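> fold the following for me, if possible:
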Amino acid sequence: MTVTAGAAPPGPPSPAGLAELLRGPVRAALAARITTVRAGLPPRPVSALDRFTWLRSLGPGQARDAALLDRLEALAGHLTGRPAPGCAPDDPMPTAALDAADGFTDAPTGRLIALYRTERAAAIRPTPPATGTPNPTL
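Residues are numbered from 1 along each chain as shown. Alright, predicted model coming up:
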């Protein structure tokens, strides 16, 4: 990296910048998991009635995999602009997506995920009042 004279050294990346960097690798990890889970299940019908019958025909392990498949597909969709249930529509990188991708990415992406979690927590952590400042809640 080249730093020009008089330029301030770069600080830690912002959560928004990290989310943008992570979008592709997290989406790829979710897609790989979707492919793996889908391969272990019988073909899923399209119609609602056939899908209901299909779900009832699954054993307990396959039913868990089918639920996981639905969740992974929803999270992957969230990263492409279709908000997932349980995730804020304006959240660029839901914690659930990071959790689902964690352990299924390479080491550099894992480090970026850890950095993103740290920076996001720091960004939403409330700043404590300065010492000597009266507490307005008392």
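> from here on, contacts and neighbour counts on C-alpha atoms
OK.
> okay, which residue is most central for this protein?
Ala97 (2.1 Å; Cα atoms, centre = their mean).
> isn't it up against Gly77?
No - counting by Cα atoms under 8 Å, Ala97 stays clear of Gly77, with 10.3 Å between them.
> just the buried residues of whatever helix or strand the residue nearest to the centre of the chain lives in, please?
In the assignment (DSSP states H and E), Ala97 maps to helix 95-101. Neighbour counts using 16 or more other Cα atoms under 10 Å place Ala97, Leu98, Ala100, Ala101 of helix 95-101 among the buried residues.
> quick one: residues contacting the third one.
Right, the one you point to is Ala100. The contact partners of Ala100, taken as Cα atoms under 8 Å, 6 or more residues apart in numbering, are Leu30, Leu72.
> same question, the first one
Ala97 makes contact with Val26, Leu30, Leu72, Leu75, Ala76, according to Cα under 8 Å, 6+ apart.
> please tell me how far it sits from Pro42.
25 Å (Cα to Cα, to the nearest Å).
> what's in contact with the longest helix that the chain contains?
Of all segments of type helix in the chain, defined using DSSP state H, the longest is helix 15-39. Here helix 15-39 makes contact (Cα under 8 Å, 6+ apart) with 65-66, 68-69, 72-73, 75-76, 79, 92-93, 97-98, 100-101, 104-105, 109, 112-113, 116, 119-120, 123.
> cool, stretch 82-94 as well?
Ala16, Ala19, Glu20, Arg23, Ala74, Leu75, Gly77, His78, Leu79.
> who wins on neighbours among the residues you listed?
Leu75 (28 neighbours; other Cα atoms under 10 Å).
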